[in-house]
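Participant: need a structure here:
(chains A and B)
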Amino acid sequence: MGIKTDLANLIGAEKVSDDAKTLALYAKDKSFAKPMTPECVVRVSSGEDVEKLVKWANETKTPLVPVSSGAPHFRGDTVPSVPQAVIVDLSGMKKILNINKQQRIAVIEPGVTYGELSKALAKHGMMISTSLAPKATKSVVGSVLECEPRLNCNHQWAYTEPLRCTEVTWGDGNRMYTGEAGLAPMDLEAQWKEQKWQVEPVGPMMLDYYRLLTQAEGTMGIVSWASVRCELAYQAHKMFLVPAAKEEDLLDFVYRVVHFRFGEELFILNNAQLASLVGETAEEIAALKAELPQWVACVSVGGRDLLPQDRAEQQEADISDIAQQCGLKLQNAVTGVSAAKVLEKATNPCGKTYWKDTFKGSFQDIFFLTTLDKTAEFVAKMEKLAIEAGYTVNDIGVYVQPVHMGSAYHCEFTIPYNPENAKETAKVKALFEKASAEFSAMGAFYARPYGPWARLQLNKDAMGTQTLKTLKGIFDPNNIMNPGKVTI
Amino acid sequence: MALSPEVYKAFEDVVGARNISQDPAVLECYRCYAAQSSAHYGPFDHKTPMPGAVIMPGSTEEVQGIIRLCNKYKIPFKAATTFWAAMGYIGDENAIQLDMRRMKKIEINERDQYAVVEPYAIGAVVQVEAMKRGFNLNMAGVGCSSSTLAGTAGWVAFGPSSLFMGTASENMLAAEWVLPNGEILHTGSLGAGSGWFCGEGPGPSTRAILRGKQGTTGAFGVCTRVAVRLHPWPGPAVIPTYGTIPAYRAKLPETIKTVTVCYPSWDAYAEGANLLHQSDIVYLGHRQFNMFGRDIKTAMIKILNDPDLQLCDLPEIMADPYIKEQNEKMKIEVSLVIVGMTQRDFDYKMKALDEIIRRVGAWKSEFMLEKPIHDWTLLYLLRLGHKNLNYTLCGSYEGNFGMSPNVFVTAPLMESAAKLKDDYAKKYPYIADTGGDSDMGSLAILGGGGVTGWEFFTCFDRFDKASIKGACDMVNISQKWMDDHKLGVDMGHWNANARREDGFNYTQEQHNEMLSKLPQPWVCGYQYLVKKAFNPYDLGGSYYRTCDPASFAKK
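Facilitator: Model prediction:
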């Protein structure tokens, strides 16, 4: 029997596709990852489906590539690295299994997007902190497993927040619950009946299983539900913009605001990134970029259930004092852009076209973790490399996001380009590769090692890499889970 | 059997003659009363095994050298720092006990808000250094005399400030760890030489194998340095104190205040706890003084605040109508520390607290707001430096119930739990009879809340066999009660599957038998595979719970 027949018998014929048109959708993405056509696509609908599929893949040594978000994809992690792979498409698993307001926890399947979850949470007076304007098709589970940075670092007690418990089928085909859910029988309904809401992510004993799933690009196992930490919805919420001529001028301000845990969302954008975030067309983005201040710190204040207005006013006054001490000012708008619009754009899923695509049709991101004081050095290096490459420096977007209460900072460069222009595409690809390597040499930490960053990062630490390989051998002994990723 | 001269010499070559001993008098000091739970001091009247030698390494390289020799000669080993409980002690005869007291450096990175600590940097010292720079740390409930690294890297280690500051696993950034096979692993950003700021990645986090929920308690190699997240402290660089020993008090600005909130019922307590979890206003929250027992806590606070009073004055003080009234008013209470980063921040937080109090029909204890008591409580809670008081009543105690996770499940059961203990204490006079409810614990054991920490103190005399047995019986009775209420493992049994009652490690076969019955046995099955990979000679002991998958695959 062929793979398709096998899978049709195993999972159901209606869930399996191998027509050329479907396969083409998964054969490449918008990154520079090498295209590779998969053998077929399976649209699973449950943890049981996943378990059966992984066990079959172990028997047949078939590579599996899990995909949770809908297209477009940007990082190469969902493009097979080896031939004859089967795509495990979880985007149809859209159940919101539970929302518990007492514990501020939602249990969701991998196909649930930010828009869908936010809508459901709103009915309970709740919300979830998002990454920066996620694409409309972005899976929440995918996002939290990837450890995409949250806009509100003050509620990120753990680096992995808001991820809590999961159901995972490891690469060897064993399905289990992680975190506190791992101590009770594998039955969510029964756990809820006992008022166990899948709150604690760690353990449940000596191993932190969920940490093996984060930043893993599907190389360890497949998650079929996850619980995520939510918050009560804002009753008062307002953003302010703090413009500056140089990024360095904003550093003390950000350090102090983060130090005192003031504010809600907090991040830094340069003019190109801010213009892309709020501009609706390429022309508008170009015009805005020319007018906007070079750098803007975006900081919001908010109150939830408890005296929301008082809370927002106190935060505004205290942050305003800090700004003043730093020679800066909180503003409701900067040239042509209101803070309210930035807040609305930043905290909601974007429209059909991903916002970074609007300017030139495509883009390439470079992002890593570092400390705030070093970000200016990376910005200077990027500018130098862009000039050397003949790329327009002013088009490069920069986004700096404190994570984990400010222990580390996500530093992201966005290089827009026209994918129809082969020369420009080649130039950006070369710049991406060069800058990635140079940043690595400067100490950039590619915690999420997509594509070529895996080689750059893993080559720096033989023992860490060997440990990772050993763990991969335990949880995925036949190397069927997304082979070729997060490895050297 | 002591180490052979050849093996002893090999270890001596690593650390020097002054830092190794097999003198029986020294070795005897490294034995602990074995405990049923090992979480505290045990109810059993025998000790953990005698080590083959005690070694005090002074550097990561020395630790690595020792562990390599342990692998070469197949000698079990365990490292400990401040030796709070049996979990720090070896569980095999002739195993090597590493005493980490020579490694105690602290480096603080102010901009990125963390401290890199070595094993013997105790909480008190880390806090003093942090406060000089405007920071504080999540002081684990074990108190400030214990190792910050041990709590962060090796044990559960939540504490009163975990609601605001997060718990140990959340505060652990990058780490340097000598694995049980002798290799040195640097986690997160440290492995790449980028610094200590991140403990995760690259890719799946290797730190997943190092601590989990319970910590590996020295059974999976030796953590030699770890970066611990620090948190804001807007108070003075040094806490000014006044008063007479033992009633030292803190003299802090008006924007740092402690309030004891009292509730009319446990339902109101649960609702209040939930609101406090959601509010972002609490710097520290703990039900502390109830550990003495509900009937006597106010009188005990009075005694501890007056150097002229003693335990023998308890009956007289309890008879005081004012104390009686105040004690009655704070039957169900939690003590909070509210810290304003600014005056405005403080004003908002106090107003929000008043709103919570209004919503749940609670009140502030007037007794706890009396200036001397307020200032004493503030120092007590911020420093957690009074752990000796845990032992005041009978010289020893065991934690039990420990019914933590969901406050809405556990709070309504508190009276039932209290009655169980009260009935037992009244019927069998082997444990302190202080009113049944002797529950204490942290308002939250996870950053931002959602999970609470409970612990009943069962105080007993560990030099009295009847009392030892009484404490044991109480723990077993409460486990049955926990089972009946589907609340999981009683705190007194947390480590019952880690060390045998005779103080020795479990064998793999014994662990297989016990752990294959877990609802999800792969939890320990993968731990077995990880142990085989990184600890091939099984040198760490049975606190690292493992179950050979073959033992449950068959069933």
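Participant: Ends of stretch B:442-462, what's the gap?
Facilitator: Terminal residues of stretch B:442-462 lie 26 Å apart, using C-alpha to C-alpha, to the nearest Å.
Participant: So which residues of the stretch 301-450 of chain B form helices?
Facilitator: B:314-319, B:321-329, B:343-360, B:366-369, B:371-383, B:407-410, B:414-427 (DSSP state H, counting those that start in this stretch).
Participant: Buried residues, the fourth one. List them.
Facilitator: Under the neighbour-count criterion of 16 or more other C-beta atoms under 10 Å in any protein chain shown, helix B:366-369 has B:367, B:368 buried. Where you see a C-beta, it was placed from the backbone N, CA and C, and this is true even at glycine.
Participant: Pull the distance from that helix to the chain's centre.
Facilitator: In terms of C-alpha atoms, centre = their mean, to the nearest Å, the gap separating the centre of helix B:366-369 from the centre of its chain is 28 Å.
Participant: In contact with residue A:124, which residues?
Facilitator: Contacts for residue A:124 (C-beta atoms under 8 Å, 6 or more residues apart in numbering or on different chains) come out as A:99, A:101.
Participant: Distance-wise, check it relative to chain B.
Facilitator: For residue A:124, the distance to chain B (C-beta to the nearest C-beta, to the nearest Å) stands at 13 Å.
Participant: hmm, back to that, among the helices of the stretch 301-450 of chain B, where is the model least confident on average?
Facilitator: For the helices of the stretch 301-450 of chain B, the stretch scoring lowest in mean pLDDT is helix B:407-410; its value is a mean of 91.
Participant: what's in contact with that helix?
Facilitator: Outside helix B:407-410, the residues touching it (C-beta under 8 Å, 6+ apart) are A:102, A:194, A:195, B:269, B:270, B:273, B:274, B:403, B:404, B:452, B:454, B:487.
Participant: of those, buried ones?
Facilitator: Taking 16+ other C-beta under 10 Å as the criterion, what is buried in those is A:102, B:269, B:270, B:273, B:274, B:403, B:404, B:452, B:454, B:487.
Participant: Quick check: the two most widely separated of the residues you listed?
Facilitator: The most widely separated members of those, counting by C-beta to C-beta, are B:274 and B:487 (18.8 Å).
Participant: tally of neighbours for residue A:459?
Facilitator: Applying the criterion other C-beta atoms under 10 Å in any protein chain shown, we find 12 residues in the vicinity of residue A:459.
Participant: Show me which residues of the stretch 251-400 of chain B sit near chain A.
Facilitator: On the criterion C-beta under 8 Å from any C-beta of the partner chain, chain A has as its neighbours in the stretch 251-400 of chain B the residues B:274-275, B:278-281, B:341-342, B:344-345, B:347-348, B:351-352, B:355-356.
Participant: Are any of those buried, and if so which?
Facilitator: B:274-275, B:278-281, B:341-342, B:344-345, B:348, B:352, B:355-356.
Participant: hey, which helix or strand in chain B has the poorest pLDDT?
Facilitator: For chain B, the helix or strand with the lowest mean confidence is strand B:396-400, at a mean of 86 (criterion: mean pLDDT, DSSP states H and E).
Participant: And chain A, by the same measure?
Facilitator: When the helices and strands of chain A are compared on mean pLDDT, DSSP H and E, helix A:3-11 comes out lowest with a mean of 94.
Participant: how about it as PDB, C-alpha atoms only?
Facilitator: Output in PDB follows, covering the C-alpha atoms of helix A:3-11 (Å, rounded to 0.1, in the frame of the first residue of the first chain):
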ATOM      1  CA  ILE A   3       1.300   6.300   2.100                       C
ATOM      2  CA  LYS A   4      -2.000   7.800   1.100                       C
ATOM      3  CA  THR A   5      -3.800   4.500   1.400                       C
ATOM      4  CA  ASP A   6      -2.100   3.800   4.700                       C
ATOM      5  CA  LEU A   7      -3.100   7.100   6.100                       C
ATOM      6  CA  ALA A   8      -6.600   7.000   4.700                       C
ATOM      7  CA  ASN A   9      -7.100   3.700   6.500                       C
ATOM      8  CA  LEU A  10      -5.600   5.000   9.600                       C
ATOM      9  CA  ILE A  11      -7.100   8.500   9.900                       C
END
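Participant: residue contacts, residue A:46?
Facilitator: Residue A:46 makes contact with A:93, A:224, according to C-beta under 8 Å, 6+ apart.
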